[in-house]
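[1] give me the fold of what follows.
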Amino acid sequence: MTANMSQLPALHPMPVVYRPNVAAILTNAQRQIFIAERVNIRGAWQFPQGGIDDGEDAETAVFRELAEEIGVRREMLELLDRRGGYRYAFPKPRLKYGIYGGQEQTYFLMRFLGRDTDVNLAATHQEFARWRWIHPEEFQLSWTPMFKRGVYRQVFLDFFGLALENPPQ
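    Presented below is the predicted three-dimensional model:
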């Protein structure tokens with residue numbers, strides 16, 4: 001006897017659990033943005049970012065992450081804007097901490113009030129090999145992993161009114 005396919009229960013994939021995350025777009029007096037190259041992935045440039053710890057709000061987390069990742073303290077920054085709801089899923093079957101299939105980010109736009117010499121990539125655990133200031137229109141989507149490109153495209157549109165082009169295939 002063969003089963004009627006319409007009588008079988010529908011298979012639903014497990015829902016993606018998104019890890020709460022923050023990211024910082026630092027700007028300088030020349031209206032450039034701060035980007036940093038990942039220490040473990042040459043050519044991968046991004047904004048400083050990180051998870052929100054238990055008991056932390058997003059604003060506390062972004063200032064902690066900036067201190068940890070690039071050595072920039074809260075008093076060196078002026079908060080200009082924040083926007084949330086940016087999501088990306090990790091490539092399957094990757095799970096962060098065994099449960100998170102992606103991240104939901106809140107982005108913070110901040111003016112950097114310090115000096116370039118205040119940036120210290122080895123402040124705690126070094127995540128970045130080098131950093132630089134660029135104008136927003138110089139950013140290339142090819143610098144980010146495929147799974148993050150939709151978020152970066154939307155962030156550049158929301159914060160700078162820029163439609164980033166997809167890299168050639």
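[2] beta partners for the closest residue in space to Leu121 that isn't next to it in sequence?
    Using C-beta to C-beta, 6 or more residues apart in numbering and skipping residues adjacent in sequence, the residue nearest Leu121 is Phe128, 4.9 Å away. For every residue, glycine as well, the C-beta is placed using N, CA and C. Bridge pairing for Phe128 (DSSP bridges) gives the partners Arg38.
[3] could you pull up the residues touching Phe128?
    For Phe128, the contact set (C-beta atoms under 8 Å, 6 or more residues apart in numbering) comprises 36-39, 48, 69-70, 121.
[4] go again with 10 Å.
    Counting by C-beta atoms under 10 Å, 6 or more residues apart in numbering, Phe128 touches 35-40, 44-46, 48, 69-70, 119, 121-122.
[5] would you show me how to pick out the buried ones of those residues in PyMOL?
    This is the PyMOL syntax for the buried subset of the contacts of Phe128, where burial follows 16 or more other C-beta atoms under 10 Å:
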select buried, resi 35+36+37+44+45+46+48+69+70+119+121
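[6] tell me which of the contacts of Phe128 is nearest to Val16?
    Val16 lies nearest to Gln46 out of the contacts of Phe128, by C-beta to C-beta, at 20.9 Å.
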